[in-house]
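> generate coordinates for the sequence data below:
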Amino acid sequence: MSKYMPVTVSQMECGRKIANEKQVGRARFQQALDDGSFGRFLDSLKVELTDIEAPKGARVHILEVEVKQDREWQAAVNAAGPNTPNDYNVRKVGDQYAPVGKGKVKEKLILLNFPNGDGNWDKAIAWAETKGLKRTHPREAFAIGEQHPRLPEQLGQNPMYAVATTDCSFEGRRDACYVWWRASKRRASLDWVEGFGLTSDWFVFRK
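Numbers count the residues shown, from 1 in each chain. Sure, this is the predicted structure:
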């Protein structure tokens with residue numbers, strides 16, 4: 001990976017000219033700054049996916065999703081897991097996951113798995129930080145369930161769990177949301193972070 005060098009004023013001026021040539025006015029440019037779109041674009045430039053190597057004994061899988069950032073919580077849960085019961089705890093934590101933006105954005109997600117069952121939440125988070133990756137919100141993990149319903153077949157693993165890596169508090173515990181595939185069924189669910197790291201768990205990060 002190349003050595004970091006600061007962005008120059010002349011480069012910013014080129015960016016301003018390109019925006020004007022494409023008729024992106026002040027209001028839209030400001031909106032991109034305010035809703036995080038511009039920040040996510042910059043994040044996408046920080047990490048080349050080809051530079052990402054899994055920890056020893058682990059594996060990674062990269063995929064793309066379209067995330068509906070401001071989708072209503074129950075609708076997001078239902079889309080991710082059409083077999084999710086109405087009384088599941090995942091339905092009770094939507095107030096802790098406010099939308100991070102508006103509209104739809106495309107995201108490249110990196111899934112980390114410990115096939116020997118020797119991983120855990122802290123180990124996955126620490127690895128992601130060394131790679132400059134960001135934690136994912138549930139709506140990003142939910143998008144995997146909705147848009148990649150046959151992912152377990154592709155990875156040769158069923159059951160399978162895709163774990164969003166931004167935790168929440170529920171009944172005094174640190175919990176995280178995830179999508180669960182088992183046979184032909186798919187559910188969204190919630191569980192404590194200390195329980196993740198088994199052979200079927202995939203921790204989800206983004207650039």
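> what about residue 122, how many neighbours?
Residues near residue 122, counting by other Cβ atoms under 10 Å, number 11. No exception for glycine: its C-beta is placed from N, CA and C like everyone else's.
> what is the strand or helix carrying residue 29 packed up against?
Under the criterion of DSSP states H and E, residue 29 resides in helix 26-34. The helices and strands touching helix 26-34, judged by 3 or more Cβ pairs under 8 Å, 6 or more residues apart in numbering; DSSP states H and E, are helix 37-46.
> relative orientation of the helix of greatest length in the chain and helix 26-34 in degrees?
Identified as the longest helix of the chain according to DSSP state H is helix 9-21. In terms of direction (axes from the mean of the first three to the mean of the last three Cα atoms, to 10 degrees), helix 9-21 departs from helix 26-34 by 130 degrees.
> contacting residues for residue 96?
168-169 (Cβ atoms under 8 Å, 6 or more residues apart in numbering).
> please report phi then psi for it.
Taking degrees, to the nearest 10, you get phi -90, psi 0 for the backbone angles of residue 96.
> from residue 107, how far out is it?
20 Å (Cβ to Cβ, to the nearest Å).
> name the nearest residue to residue 191, sequence neighbours excluded.
residue 175 (6.2 Å; Cβ to Cβ, 6 or more residues apart in numbering).
> and the one you found, what are its bridge partners?
Beta bridges link residue 175 to residue 168, residue 192, judged by DSSP bridges.
> does it touch residue 189 like I think?
No: contact criterion Cβ atoms under 8 Å: residue 175 and residue 189 do not qualify, at 9.8 Å.
> where do the contact lists of those two overlap?
In contact with both residue 175 and residue 189: residue 89, using Cβ under 8 Å, 6+ apart.
> neighbouring contacts of stretch 123-139?
Contacts of stretch 123-139 (Cβ under 8 Å, 6+ apart): 43, 46-47, 51-52, 55, 58, 67-69, 71, 76, 90, 97, 99-100, 109-110, 112, 114, 164-166, 177, 188, 196-197, 203-207.
> do that again at 7 Å, thanks
With contacts defined as Cβ atoms under 7 Å, 6 or more residues apart in numbering, stretch 123-139 is touched by 43, 46-47, 52, 55, 67-69, 71, 76, 97, 100, 109-110, 112, 164-166, 177, 203-207.
> how far does that stretch sit from its chain's centre?
Put simply, stretch 123-139 sits 9 Å off its chain's centre (Cα atoms, centre = their mean, to the nearest Å).
> all the strands of this structure, residue numbers only.
59-68, 104-113, 134-135, 160-164, 168-170, 173-182, 185-192, 201-206 (DSSP state E).
> how far away is the spatially closest residue to residue 29 that is not a sequence neighbour from residue 30?
The shortest distance from residue 29 to any non-neighbouring residue, by Cβ to Cβ, 6+ apart, is to residue 19 (5.8 Å). The gap separating residue 19 from residue 30 is 11 Å, by Cβ to Cβ.
> looking at these two, which is more packed in?
residue 19 (15 against 11).
> ok, the more buried one to residue 102 distance?
20 Å.
> flag the helix or strand of the protein with the lowest per-element mean pLDDT.
Here the helix or strand of the chain ranked lowest by mean pLDDT, DSSP states H and E is helix 37-46, holding a mean of 62.
> what's the end-to-end length of stretch 55-71?
End-to-end distance for stretch 55-71: 34 Å, by Cα to Cα, to the nearest Å.
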